[in-house]
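J.: Turn this into a structure:
(2 chains)
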Amino acid sequence: KAGVTQTPRYLIKTRGQQVTLSCSPISGHRSVSWYQQTPGQGLQFLFEYFSETQRNKGNFPGRFSGRQFSNSRSEMNVSTLELGDSALYLCASSLVPSGTDTQYFGPGTRLTVL
Amino acid sequence: AQKITQTQPGMFVQEKEAVTLDCTYDTSDQSYGLFWYKQPSSGEMIFLIYQGSYDEQNATEGRYSLNFQKARKSANLVISASQLGDSAMYFCAMREGQTGANNLFFGTGTRLTVIP
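T.: Numbering: from 1, shown residues only, chains lettered A, B, ... in the order given. Next up is the predicted model:
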């Protein structure tokens, strides 16, 4: 079974631009979560989607948004990019949003904002 | 307050030796899950092991075992017979069960270096 895939793997943008990242979960998984990883702040939760609905959102500004499609694929969008948005963005999928269900991560998208 | 604390920024271990990576957690929930992930330099987070708060036995997965001490709120990862490929960042994470939220809280990680 294929793992979580994320595209693109690397991205370079300039301040003020917007970016869309994509995540395809493991087949059969319906819950998708996004995390931001930076050297300064570590791993921080962005948001979680299940059945095309956002269930939970971390403490990030409204410039960060996401959505989930009927096939469980998810996208996240960052508008008006800032230098501090440079990070590794990780997507994780699980069968359902359950307390015992393991989240499996993709390889990440490394975003650099110049 | 930090929900997950990993106090060892870096650890060294000789190949074939065992190593323990420390993790303490803070939650008032009775139901929660504890996870360990490995992150090689490539960036992908690889799931290693899971321990539920109601599990009475310590979790084991191959060379990985979790030393779960509920009263002390610790969930240390033990890697036996270290291999060179074990060199990576290791993250402890927790999901609290009572809120229904699915998000993981991560520690700051421990960088493990296996010495030949």
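
J.: How far does the one helix or strand in chain A whose mean pLDDT sits lowest sit from its chain's centre?
T.: Of all the helices and strands that make up chain A, strand A:53-57 has the lowest average by mean pLDDT, DSSP states H and E, namely a mean of 91. Taking Cα atoms, centre = their mean, to the nearest Å, one finds the center of strand A:53-57 at 12 Å from the center of the full chain.

J.: the strands in the chain, which residues?
T.: Here I'm looking at chain A. Ranges of strands in chain A, per DSSP state E, are A:5-7, A:10-13, A:19-24, A:31-38, A:42-50, A:53-57, A:64-68, A:74-78, A:87-94, A:104-105, A:109-113.

J.: wrong chain, I was asking about chain B
T.: B:4-5, B:10-14, B:19-21, B:24-25, B:32-39, B:46-52, B:60-61, B:64-69, B:74-79, B:88-96, B:105-106, B:110-115.

J.: in the second one, what counts as buried?
T.: Of the residues in strand B:10-14, B:11, B:13 count as buried by neighbour count, 16 or more other Cβ atoms under 10 Å in any protein chain shown. Heads up, the C-betas are built off the backbone N, CA and C, glycines and all.

J.: beta partners of residue 24?
T.: Let's take chain A. Under DSSP bridges, the beta-bridge partners of A:Ser24 are A:Thr5.

J.: switch to chain B, that's the one I care about
T.: Legend: beta-bridge partners of B:Thr24 under DSSP bridges are B:Thr5, B:Ser74.

J.: How about the contacts made by it?
T.: Each residue near B:Thr24 by Cβ atoms under 8 Å, 6 or more residues apart in numbering or on different chains is listed here: B:4-5, B:7, B:72-75.

J.: Could you check how far it is from B:Ala101?
T.: To B:Ala101, B:Thr24 is 21 Å away according to Cβ to Cβ, to the nearest Å.

J.: what does the least confident helix or strand of chain A rub up against?
T.: A:45-49, A:66, A:68, A:97, B:101-103.

J.: repeat that for 10 Å
T.: With Cβ atoms under 10 Å, 6 or more residues apart in numbering or on different chains as the test, strand A:53-57 has contacts from A:31, A:33-34, A:45-50, A:64-68, A:97, B:99-103.

J.: Much appreciated, bye for now.
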